[in-house]
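Asks: no sequence for this one, just the structure:
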């Protein structure tokens, strides 16, 4: 016989709003800024006025934990779905200010026209029109008097039917008596089940990640400073992208500004480096895995709830300890020295722009390796080498592509068991054996994705090895990447498309790409390789300088070698396109190997 894992109870909106004001239901503070625009608030109120359903809210009660004296404590309900709707109701009906996705505090005013029974977002024109009630929060104010409101409206609008206006305002005031279904989930449900219920009930089918649940848990626990910790995570992510946001925090959130967190992230105000702009999920992954030696965020949610994995009970002491460890992990993450050192290490490997960074999870685990190594007092040079090589291995092997949780968990547990350096060295030796460079990697490079990790690594290799741009005498690959280079097709796209009738997946092969100055790219245009390589040979024999500034055979051949192109192209030996791609993939793979060995 199956057990009901939830209850569904209709509650008047007025009751729900009272619970939220009293803290009976917790909307985690700034868990997600209010992302609805004002028209959505208007539409929600209109639906309520018309008597339409507005969906269910989902609350998940915190587990009952044992307090230090052994007595049980029933936790608050956490609202995990319906935050935007409830915030919209509080904004529209109670006149509460909301925090927008730009972290600005605003008042959303919804106006109401009693004669047409229409709702509208307040604007300057409406504010001058006496036919509108400019802010319906006035109708729901605790000291509002419907008779007085009706009289005032009728005086300003003599043509209005006073009796009808009174009935309409009465109908408007009653929308807080409308019922909304509250689904309460059993406290012992695991995250996977809660997520499944959320997706099935939520008509939008929106994803709710385990990081979202963790953020809810953090923000709802004020006893251990979760509300401030949640803000620290959120504000750091925002400042990393928009440093100019700092004064708004200082003026608009004085409580946070006075906390220990803001001084530790103020350094971001002077930073315009976007190599690594973490999200709250990235921060949680790094902080949690580093401090707890685990990789699955569902375990973080359980630990923050006080779960004892051995007894299967919930204990306050475990919740307290877990919040302390997570806070330390976040402080380590936002530490200027740590953060800047990791981005410096990435840059030292050749990953000099954000466009060369693929998925963030490889960066996240590189950061974990760095923090673990630093905690173990590894010599700085050894640690930098370890991080560079691990990051390169991660992207080349696709170690954290897709869902990274299992790989994070496995790696972190292996590090706990085997030790950091032995684990890193063993994994690299296994993943990047000799057969990888000569057998696997050339096959993996049979792709047309310019964002493929192999092409990103190849470009990083060109930076690290000091290569010049294609056919450039002085401009380096580094210069080109920092100043928006062109990706030139060695066998020009138009030639392959129009003359050889090849499709996009064929002419855009990464083995057909070189980094080139736009002037050189434009000069070559759609010329077939047999045409422009012949002209390049002539350029080295004293002919016209058509493409770049290289005028000697020696420098030209060196340039072709840098770009993994056969020198025989200058002698008129132009292979068919497929043979060219196959040969170049092997040369590119060997260049990436040469690069890896320098790391």
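Replies: Now that the structure is in, tell me what you want to look at. All figures in this text were calculated on a predicted structure; none of them were measured in a lab.
Asks: and residue 146, what does it touch?
Replies: Residues near residue 146 by CB atoms under 8 Å, 6 or more residues apart in numbering: 139, 166, 169, 170, 173. The C-beta positions use only the backbone N, C-alpha and C, and glycine is treated the same way.
Asks: again, only this time at 6 Å
Replies: Contact partners of residue 146, counting by CB atoms under 6 Å, 6 or more residues apart in numbering, are residue 169.
Asks: so how far is residue 575 from it?
Replies: Separation of residue 146 from residue 575 (CB to CB, to the nearest Å): 86 Å.
Asks: same deal with residue 260?
Replies: 64 Å.
Asks: more neighbours: which of these two?
Replies: Counted by other CB atoms under 10 Å, residue 260 and residue 575 do not tie: residue 575 has more neighbours, with 16 against 11.
Asks: mind checking the SS state of that one?
Replies: With DSSP: H, G, I helix; E, B strand; the rest coil as the basis, residue 575 sits in coil.
Asks: please, which helix or strand holds residue 329?
Replies: Assigned by DSSP states H and E, residue 329 belongs to helix 316-334.
Asks: in the stretch 401-550 of the chain, where is pLDDT below threshold?
Replies: Along the stretch 401-550 of the chain, no part satisfies pLDDT under 70.
Asks: likewise the chain?
Replies: Looking at the chain by pLDDT under 70, you get 1-4, 27-33, 62-76, 101-103, 190-192, 195-196, 198-208.
Asks: got the domain boundaries for the chain?
Replies: 6-201, 210-432, 443-598 (automatic domain parsing).
Asks: off-centre distance for the longest one?
Replies: Looking back up the chat, that one is domain 210-432. A distance of 13 Å separates the C-alpha centroid of domain 210-432 from that of its chain, computed with CA atoms, centre = their mean, to the nearest Å.
Asks: next, the distance between the ends of that domain.
Replies: End-to-end distance of domain 210-432 (CA to CA, to the nearest Å): 32 Å.
Asks: swap in the shortest one?
Replies: Looking at domain 443-598, the gap from its leading to its trailing residue is 23 Å under the measure CA to CA.
Asks: just stretch 367-384 next, same as before
Replies: 11 Å.
Asks: show me what that stretch is in contact with.
Replies: Identification of contacts with stretch 367-384 by CB under 6 Å, 6+ apart yields 286, 289, 290, 332, 342, 345, 387, 390, 420.
Asks: just checking, residue 564 touches residue 585?
Replies: No: here residue 564 lies out of contact with residue 585, judged by CB atoms under 6 Å, at a distance of 8.7 Å.
Asks: buried sites along stretch 324-331?
Replies: Buried positions in stretch 324-331, judged by neighbour count with 16 or more other CB atoms under 10 Å: 325, 326, 327, 329, 330, 331.
Asks: quick check: chain neighbours aside, which residue is closest to the fifth one?
Replies: Same thing as residue 330. Once flanking residues are discounted, residue 330 sits nearest to residue 287: 4.9 Å by CB to CB, 6 or more residues apart in numbering.
Asks: residues in contact with the helix or strand the one you found falls within?
Replies: For residue 287, the host element (DSSP H and E) is helix 280-292. Helix 280-292 is contacted from outside by 211, 214, 233, 237, 295, 300, 325, 329-330, 333, 360, 364, 367-368, 371, 408, 412, using CB under 6 Å, 6+ apart.
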